[in-house]
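**Student:** When you get a sec, could you give me coordinates for this:
(one chain, ligands or ions: 1)
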Amino acid sequence: VIRKSQHRSPLDNVPGPTAASWFVGDLERFYGRHGWPFQKELLSSYGPVVKFSAFFGSPMLYVYDPKALHHIVVKDQYIYEETSIFIEWVFRSVVPLTVFLTDGCLLNSFNSLAFGDSLLSSLGERHRRQRKILNPVFNTNHMRYMVPTFYRITNQLRKALSNEVKDGQHEIDMLSWMTRAALELVGQGGLGYSFDPLDRDWKNPFAEDLKALVPTMSPYFFWMRFLPLVSWIGTAAFQRRVLEMLPLPSLQRTIQIIDTMENKSKEILAQKRALLSQGDMALEQQVGEGKDIMSVLLRENMQASGDEKMSDTELLGHMTALIFAAMDTTSGALAHILQVLSEHPDAQEKLRQEIKTARGDQEYIEYDELMNLPYLEAVCRETLRLYSPTTVMTRVTTKDVLMPLSTPLRGRDGTMMNELVVPEGTGIVIGILAYNIDPAIWGPDAHLWKPERWLEPLPGTVTNAHAPGIYSNLMTFLGGGRACIGFKFAQLEMKAVLSVLLEHFKFSPSDKEVYWNWAGIQFPTIGKESTETKMPLRVELVH
Ligand code: HEM
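**Tutor:** Numbering: from 1, shown residues only. You can find the predicted model right below:
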């Protein structure tokens, strides 16, 4: 407070709303699960760089100016690092806690949950090295390998759903099925492990736990910010004990979910090591025939030496990171696509016809053809644009940096600024969704779901923006060195599932109000008050 009163910040001139609270600034209304109205206010009343307040009025920048985004995620990516809340606490600060929380402790679990010593938690050179090792198992050739596995799983899903609706239309929670399918797809495709036979309607406890993580943690998202401040108090065992004693049901549930994830990764790694010690033949007997991402990595790791060799902690971290990063995002994306198609029966029918024609009498549509179906691609892109599962990502500047802008920003004092001086330690929120729906880029119909926009040349405002996203001029999978490594996996997964489901089932809206909650990864509930994730649709067989 003293520093703030004595020093002027270069960001003082950046426009933004008046802080809602002198203490917590706008953090609650920005990050809360009902944060949509504040997001709308920021987008409609200010430009693509807007300042809002964190604790004691300290400034944070919400950014979706394309040039600034390019600097944040590509050019100056090592200055705009993951925040301490994300890395140090959720994944790494965890380290002080980890040391003590040897057995399934909260922070240790968080460490492995997200990922311990994994891509999601590493920075700088270490992150680059991990990325180099992992990249090959996410490339297109590897995806081609996985096609039969993906279709086998999706056909299991089809059979189970057919059974549910064989005697007519039923209301079905499609989020639950998409979650289980996404878990099984990353299980078999990513880890060579089957989580769910997908043979009947039941609540897979592991899938339920994973899906519950973001909603369960959301009440604490705000308070998590304090954790780096207290992470040094006492031993890890002490900290865990204290957390366990707090009479907060959601916190206890979070601890339990994290423990479950950690234990599952340990179980899978032990199983794979045992198979590997029996040789390649044994590995090929497992689900996925040893072509899954982890089996490939484990085999390569045995040949690797020095820096290239990954420790068990890293392997464990990568597994948990993979399960979580793949499942929560893709299941949300699939559920959203089905919901939108249920609301647009013409588009649904058009897509069904495209898929039927492409499959003809083949068992399934081959990789290249599936990836190039124009309407399927347009539907996926448009839904990932307008309803990006990931909404914002937060970074923090590690030193003072110049942030150039595509469009000059009018300061509070009326001066026009072509660039901003951003001081070290400033929180930066990357507006993934905000960029995807910016009318200045996408046109006045940016807020409408219009897959047709992808069937014609994109407006010059999109192509000339040079946004750094790795996917279709969108920010959905981010860009730069920390872009989503699994985006080809996600595309294959979504298209395989949609191609099988749409050929066999018709989806229409239920009478329940589905509310998508604002969060780092959006999640649906029935109405605004419920915390139970659900997305019911009416489902019937296509005749
Ligand atoms: C529609 C589905 C998906 C979306 C929207 C999505 C989005 C993202 C985004 C925005 C990031 C950047 C996170 C950050 O910088 O903090 C990311 C990272 C990541 N994603 Fe995805 N993702 C999806 C599916 C997947 C799948 C299927 C996998 C794995 C099979 C995956 C694995 C990862 C991993 C490991 C990272 C960390 C990359 C790194 O830090 O180098 N994601 N994802």
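**Student:** got the residues of the stretch 1-150 of the chain near the ligand?
**Tutor:** For the stretch 1-150 of the chain, the contact set with the ligand under CB under 6 Å from any ligand atom comprises 119-120, 131. Just so you know, the C-beta spots here come from the backbone N, C-alpha and C atoms, and that holds for glycine as well.
**Student:** again, only using 5 Å
**Tutor:** 119-120 (CB under 5 Å from any ligand atom).
**Student:** what's the answer for the chain, then?
**Tutor:** 119-120, 325-326, 329-330, 333, 389-390, 393, 477-478, 482, 484-486, 489-490.
**Student:** Got a quick PyMOL command for the buried subset of those residues?
**Tutor:** Applying 16 or more other CB atoms under 10 Å to those, the buried members can be selected in PyMOL as follows:
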select buried, resi 119+120+325+326+329+330+333+389+390+393+477+478+482+484+485+486+489+490
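**Student:** Over in the stretch 51-200 of the chain, which residue gets nearest the ligand? Let me know.
**Tutor:** Scanning the stretch 51-200 of the chain for the residue nearest the ligand gives residue 119, at 4.0 Å (criterion: CB to the nearest ligand atom).
**Student:** and what of the chain?
**Tutor:** Using CB to the nearest ligand atom, the closest approach of the chain to the ligand is made by residue 486 at 2.2 Å.
**Student:** Counting only helices, which of the residues of the chain next to the ligand make the cut?
**Tutor:** 325-326, 329-330, 333, 489-490 (DSSP state H).
**Student:** Could you pull out the buried residues of stretch 155-168?
**Tutor:** Buried residues in stretch 155-168, defined by neighbour count with 16+ other CB under 10 Å: 155-158, 160-161, 165.
**Student:** for stretch 47-56, same thing?
**Tutor:** 47-55.
**Student:** So residue 447: helix, strand or coil?
**Tutor:** coil (DSSP: H, G, I helix; E, B strand; the rest coil).
**Student:** Please, where are all the helices along the stretch 151-300 of the chain?
**Tutor:** Using DSSP state H, counting those that start in this stretch, the helices of the stretch 151-300 of the chain run over 174-186, 205-217, 221-224, 227-230, 236-245, 249-277, 280-285, 293-303.
**Student:** Same list (those helices) but as CSV, adding distance to residue 530, mean neighbour count and mean pLDDT.
**Tutor:** As requested, those are exported to CSV (distance: least, CB to CB, whole Å; neighbours: other CB atoms under 10 Å; pLDDT from 0 to 100):
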stretch, distance to residue 530, mean neighbour count, mean pLDDT
helix 174-186, 13, 27, 94
helix 205-217, 10, 20, 81
helix 221-224, 18, 14, 63
helix 227-230, 27, 15, 60
helix 236-245, 26, 16, 78
helix 249-277, 14, 17, 84
helix 280-285, 43, 14, 67
helix 293-303, 35, 18, 81
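**Student:** What values do phi and psi take at residue 192?
**Tutor:** Torsion angles at residue 192 (phi, psi; degrees, to the nearest 10) stand at phi 70, psi 40.
**Student:** what does the one 5 residues further on give?
**Tutor:** Its backbone dihedrals place residue 197 at phi -70, psi -10, with angles given as degrees, to the nearest 10.
**Student:** Surely it is in contact with residue 156?
**Tutor:** Yes: using CB atoms under 8 Å, residue 197 is in contact with residue 156, at 7.1 Å.
**Student:** Now intersect the buried residues of stretch 155-168 with the strands, please.
**Tutor:** Using DSSP state E, no member of these falls in strands.
**Student:** Would you mind putting those residues into TSV with pLDDT and distance to residue 259 alongside?
**Tutor:** Shown next, in TSV, are the buried residues of stretch 155-168 (pLDDT from 0 to 100; distance: CB to CB, whole Å):
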residue	pLDDT	distance to residue 259
155	96	34
156	95	29
157	96	29
158	97	34
160	95	29
161	96	32
165	96	36
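**Student:** so which of the residues you listed comes closest to residue 469?
**Tutor:** Closest approach between the buried residues of stretch 155-168 and residue 469, by CB to CB: residue 157, at 29.7 Å.
**Student:** ok, longest strand in this structure?
**Tutor:** As assigned by DSSP E, the longest strand anywhere in the chain is strand 401-410.
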